[in-house]
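> 3D model of this:
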Amino acid sequence: MLKTNFLKQNIKQNKLSLGIWNTLASPMVTEVLAAAGLDFIFIDLEHGPFDINNLHLYIDKCENNSCSPIVRLPAKNDWLILQALDQGAHGIIIPQVSDAKETRDIVQAVKYFPKGKRGFTPFTKAGGFNNFNTKKYYEAANNLTLTGIIIEDLHGIENLDEILKIEELDIIY
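Take a look at the predicted model:
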């Protein structure tokens, strides 16, 4: 169960954070990177040959070394967002975001009620595999989970002012 999001904590404290994009689908490489003292690793499912059913292995390697695993998904897809977060990712980052509506939809998929519409089962890695303190978990997850987007086109730049107004958005790349 997510207890500390090292990257989000640094952002809130206005501290410098050091991280890396990882496209190498090797738990050992991920562990070496995390053990090097990085604050976060973007586990890149868009460009790296990762598979969703083994994502928890990379997340564990990060968490065991006080490094936040942030999952870059290939597209805005509620199911993939749910899978990454249920496996324990500290946050997600979505590419090709161009406007405020898309951004609000992403935030809704990441957050639980009342901030979003993310589905919940306590019987996941993120849920602690139990149904104790469900309400407390919702609140903690909403506060700790990081939401990021990547703007990659002129349309996104033109809509940046509207995107910046969205609460709960932590990173714009």
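> could you use CA atoms for every contact and neighbour count after this?
Noted.
> would you list every one of the helices in this protein?
Remark: helices assigned in the chain by DSSP state H are 6-12, 27-35, 55-63, 78-86, 100-110, 134-144, 154-158, 160-164.
> quick one, which of these is packed in tightest?
Burial of these is given as mean neighbour count (mean count of other C-alpha atoms under 10 Å); helix 55-63 ranks first at a mean of 22.
> any idea of the mean pLDDT in it?
The average pLDDT for helix 55-63 rounds to 97.
> and it, how far from the chain's centre?
Mean-position distance between helix 55-63 and its chain equals 13 Å (C-alpha atoms, centre = their mean, to the nearest Å).
> helices and strands around that helix, which ones?
Applying 3 or more C-alpha pairs under 8 Å, 6 or more residues apart in numbering; DSSP states H and E, one finds that helix 55-63 contacts helix 27-35, strand 40-44, strand 68-72.
> which one of the helices of the chain lies nearest to K125?
Closest approach to K125 among the helices of the chain is made by helix 78-86 (6.1 Å; C-alpha to C-alpha).
> make JSON lines out of the helices of the chain and add distance to G19.
Listed next are the helices of the chain as JSON lines, based on distance: least, C-alpha to C-alpha, whole Å:
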{"stretch": "helix 6-12", "distance to G19": "9"}
{"stretch": "helix 27-35", "distance to G19": "9"}
{"stretch": "helix 55-63", "distance to G19": "11"}
{"stretch": "helix 78-86", "distance to G19": "19"}
{"stretch": "helix 100-110", "distance to G19": "22"}
{"stretch": "helix 134-144", "distance to G19": "18"}
{"stretch": "helix 154-158", "distance to G19": "24"}
{"stretch": "helix 160-164", "distance to G19": "23"}
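> between those helices, which gets nearest to R72?
helix 78-86 (9.3 Å).
> quick one: the closest one to chain centroid distance?
With C-alpha atoms, centre = their mean as the basis, helix 78-86 stands 9 Å off its chain's centre.
> other SSEs contacting it?
strand 91-94, helix 100-110.
> what residues does the last one touch?
Yep, that's helix 100-110 we're talking about. Defining contact as C-alpha atoms under 8 Å, 6 or more residues apart in numbering, one finds that helix 100-110 is touched by 76, 78, 81-82, 85, 97, 115-118, 145, 147, 149, 159, 162-163, 166, 168-169.
> dump the residue contacts of the residue lying closest to L2 once chain neighbours are set aside.
Closest residue to L2 apart from its sequence neighbours, by C-alpha to C-alpha, 6 or more residues apart in numbering: A126 at 6.2 Å. Residues in contact with A126 (C-alpha under 8 Å, 6+ apart) are 1-2, 85-89.
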